[in-house]
Every structure is written in C-alpha cells, then in structure tokens.
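# this one's structure only:
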Ligand code: NI
C-alpha cells in the first residue's frame, strides 16, 4: 500500500538563504521533516548546557564556523563539512567561540536540552 504524496510541490532548500532568515542563537528552526525526523537549522554562539537524550541520537553537521562538541571523553572540534552523531545517553555540550551554523537531524521528539529543563529549553520550535 503506497502512502499519499504531499500535495505541496517539491522545492529545494538553499541553506544560506534559510540561515539568513533568523538570527537568534540556540533556537533551532525546523527546515523539513524526514519521516519521524526533523532537519533543523541553528546558529550557535557561546556554550550550551551539558545534557543527554534518553532515546534520541542527534546528528550535527557544521555548515559555517567551528563547533566544539564537548564530551566527557574529550572535545571534538568540527569544521564546515564535518559532522558528529551523538548517540542517545551520551552527555554533550556544544560550544562555539564565534557564531557557528549547524544542521541538525534528529527525531521530532528531541528536546534541545535533553534531560535538563532550564531557561534554554524550547518546547516549540519555529519553522524556517
Ligand atoms: Ni543534545
């Protein structure tokens, strides 16, 4: 049994153009969905919060700038074109000295701050 294709015509997503639409840091925007996953675009600057996700794996692809993914096992420094997949259960804390643009791929259920709820927790994400 085949599912019904979406009614909207397919369009391409230009990352530079999408990133130009927002400026907030640590506020991922949903650019699209892949089954139960979302493609999110985020601008990062400074340090986030140590957290883990009970169930969700998270993929971070650096589009611009440099991302330091702090892990309990040591830091990973990612340049544009590089990605890291953080498995569920693994504590991490993203950090970017200068503004960094990342594309995230993660299940829709993923809360940005994982097991931590604080002033940076976002329950609703905007679209871009
Ligand atoms: Ni996370």
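Cool, the structure landed. Please read these numbers as outputs of a predicted model, since none were measured by experiment.

# can you tell me which residues contact the most centrally placed residue in the chain?
The structure's the chain has its C-alpha centroid closest to residue 104; by CA atoms, centre = their mean the separation is 3.0 Å. Counting by CB atoms under 8 Å, 6 or more residues apart in numbering, residue 104 touches 28, 38, 39, 40, 41, 42, 58, 59, 60, 61. All C-beta spots, glycine's among them, are computed from the backbone N, C-alpha and C.

# same list (these) but as TSV, adding secondary structure, neighbour count and distance to the ion.
Output for these, formatted as TSV (DSSP: H, G, I helix; E, B strand; the rest coil; neighbours: other CB atoms under 10 Å; distance: CB to the ion, whole Å):
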residue	secondary structure	neighbour count	distance to the ion
28	coil	24	10
38	strand	20	13
39	strand	19	15
40	strand	23	11
41	strand	22	15
42	strand	23	11
58	strand	23	5
59	strand	15	11
60	strand	24	9
61	strand	19	14
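
# out of those residues, who's nearest residue 87?
residue 58 (8.5 Å; CB to CB).

# doesn't residue 86 make contact with the closest one?
Yes. Counting by CB atoms under 8 Å, residue 58 does reach residue 86; the two are 4.8 Å apart.

# hey, where'd the strands end up in this structure?
Under the criterion DSSP state E, strands of the chain are mapped to 29-34, 37-47, 58-64, 67-71, 74-78, 83-86, 92-107.

# can you lay out those as TSV showing mean pLDDT?
Converted to TSV, the strands of the chain look like this (pLDDT from 0 to 100):
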stretch	mean pLDDT
strand 29-34	97
strand 37-47	98
strand 58-64	98
strand 67-71	98
strand 74-78	98
strand 83-86	98
strand 92-107	98
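
# any residues of the protein in contact with the ion? List them.
58, 114 (CB under 5 Å from the ion).

# fine, thanks again, bye for now.
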